[in-house]
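Novice: Provided below for reference: sequence and predicted model.
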Amino acid sequence: MDVAKRMQSLRDQFPECTLMAFADLEAGMVLSVSADTSRMQEEISSLCSTAKAVLDHQANGPMEALISNGSDAGVFEAVLIEPEEVGVFLRSTIKQSDAFCCVCTSRISLQRFLPAVRAALDALEMPK
């Protein structure tokens, strides 16, 4: 299953996920998007920038303190909770430049969603 179909399948399974993007963090580019409505390119680019910041230890201020914990170990998962939405960012453990970036409503079940997104991302990276 290709990236676009995999993202759509996840969004069908989790309708609270309103936007899902597949990004190349090294290039700083979103390669594919699945969303419930048309989104501005600036919003999609911002999502990639946020993923890069939280997953590559580039965040500043309080967010940096939360994600860095003084270690050089990689960050493979980040969840940013805001009053209206939840941002979910997962980096591939196989090809570390690849990541899924998700925007969800506050009703998302992270306990169910995170393992499903991780499994989908890992399946993309497995040799065929």
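Specialist: The structure has been received and is ready for your questions. This one's a predicted model, so the numbers in the text were calculated from it and none came from an experiment.

Novice: enumerate every residue touching the residue nearest the centre of the chain.
Specialist: A centroid search over the chain (C-alpha atoms, centre = their mean) returns Cys101, at 2.2 Å, as the residue closest to the centre. Contacts were defined as C-beta atoms under 8 Å, 6 or more residues apart in numbering; by that measure Cys101 touches Met20, Ala21, Phe22, Ala23, Val30, Leu47, Cys48, Thr50, Ala51, Gly87, Val88, Phe89. C-betas here are computed from N, CA, C, even on glycine.

Novice: just say helix, strand or coil for it.
Specialist: Taken by DSSP: H, G, I helix; E, B strand; the rest coil, the conformation at Cys101 corresponds to strand.

Novice: ok, it to Leu55 distance?
Specialist: For Cys101, the distance to Leu55 under the criterion C-beta to C-beta, to the nearest Å works out to 9 Å.

Novice: any common contacting residues for those two?
Specialist: Common neighbours of Cys101 and Leu55 (criterion: C-beta under 8 Å, 6+ apart): Phe89.

Novice: which parts of stretch 99-112 are buried?
Specialist: When burial is assessed from 16 or more other C-beta atoms under 10 Å, stretch 99-112 yields the following buried residues: Ala99, Phe100, Cys101, Cys102, Val103, Cys104, Ile108.

Novice: run through this protein and note the low-pLDDT ranges.
Specialist: Under the criterion pLDDT under 70, the flagged ranges of the chain are 1, 57-74, 127-128.

Novice: and the strands in it?
Specialist: Listed in chain order, the strands of the chain (DSSP state E) span 17-24, 29-35, 77-81, 85-91, 98-105.
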